[in-house]
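Engineer: Coordinates for the following, if possible.
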Amino acid sequence: MTPVTLIGDILIFFPASQGWKKERVVAEFWDGKILMICPEDPKYALRKAEEVRELVDAELGFQQTNLHSPSRTRTYLYVTNDKKIVGCLIAEPIKQAFRVLAELSTPDIRSMCALERHRAWRCSSEPQPAICGVSRIWVFALMRRKSIASRLVDTMRSSFIYGSRLTTDEIAFSDPTPDGKLFASNYCGVPDFLVYNFLS
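Structural biologist: Numbering: from 1, shown residues only. The predicted model follows:
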């Protein structure tokens, strides 16, 4: 299991509401809300987005810390009613992505699940148009399996481009971890979801 103490202690508390006079709430739920932070937002919001990104990178083991288009990146934070940040999604504009290649099926479901968690994945060499890349997606370990990641992606699809809702064929995931690969496949409803920015 992923250790959660460090991330929990540092990331979990959100600033008091008076410090976020211009917060942009893009979705509300019974247990919290999703804020979107854009590059033109106040410095305190950008600092919080950067702090969260650094901690998420550490948790996910990201070696690459730079974003492709910082001036057009959107950061989505899932904030609970008691002001704890329990989820983060960072999205950026992209122009193309590649389909994950479906793996050969195996008759033993348990063996297939074990392999799915540990093996590398392959993708097509044929690019196809895409609009939005999910650079990072993270949910606090103790809050997983509560639809927070799905809510983050749903909200990103509805708010990344004003007045438009992106389809799952217009979004791609950046070099997903084994858990990220399972989430993306389940969320998109297909094993051959789109990826971009993968390590060769």
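Engineer: Provide the secondary structure category for residue 85.
Structural biologist: strand (DSSP: H, G, I helix; E, B strand; the rest coil).
Engineer: okay, and for this protein, where does confidence drop off?
Structural biologist: 1-20, 63-70, 103-121, 198-200 (pLDDT under 70).
Engineer: Can you show me the strands along it?
Structural biologist: 25-29, 32-37, 74-80, 85-93, 96-99, 128-129, 132-139, 171-174, 194-196 (DSSP state E).
Engineer: what about these, which gets the closest to residue 52?
Structural biologist: strand 85-93 (5.2 Å; Cβ to Cβ). Where you see a C-beta, it was placed from the backbone N, CA and C, and this is true even at glycine.
Engineer: So which residues make contact with the closest one?
Structural biologist: For strand 85-93, contacts defined as Cβ atoms under 8 Å, 6 or more residues apart in numbering pick out 11-14, 32, 34, 52-53, 56, 67-69, 72-80, 131-140, 143, 148-149, 151-153, 156, 160.
Engineer: so where do the helices sit in the chain?
Structural biologist: 5-11, 43-60, 109-118, 148-159, 178-188 (DSSP state H).
Engineer: can you put the strands of the chain in JSON lines and add distance to residue 165 and mean neighbour count?
Structural biologist: What follows is the strands of the chain, written out as JSON lines (distance: least, Cβ to Cβ, whole Å; neighbours: other Cβ atoms under 10 Å):
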{"stretch": "strand 25-29", "distance to residue 165": "12", "mean neighbour count": "14"}
{"stretch": "strand 32-37", "distance to residue 165": "15", "mean neighbour count": "22"}
{"stretch": "strand 74-80", "distance to residue 165": "15", "mean neighbour count": "23"}
{"stretch": "strand 85-93", "distance to residue 165": "14", "mean neighbour count": "23"}
{"stretch": "strand 96-99", "distance to residue 165": "18", "mean neighbour count": "20"}
{"stretch": "strand 128-129", "distance to residue 165": "17", "mean neighbour count": "12"}
{"stretch": "strand 132-139", "distance to residue 165": "11", "mean neighbour count": "24"}
{"stretch": "strand 171-174", "distance to residue 165": "11", "mean neighbour count": "26"}
{"stretch": "strand 194-196", "distance to residue 165": "17", "mean neighbour count": "25"}
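Engineer: out of those, which comes closest to residue 183?
Structural biologist: strand 132-139 (7.5 Å).
Engineer: just how off-centre is stretch 188-200 within its chain?
Structural biologist: 13 Å (Cα atoms, centre = their mean, to the nearest Å).
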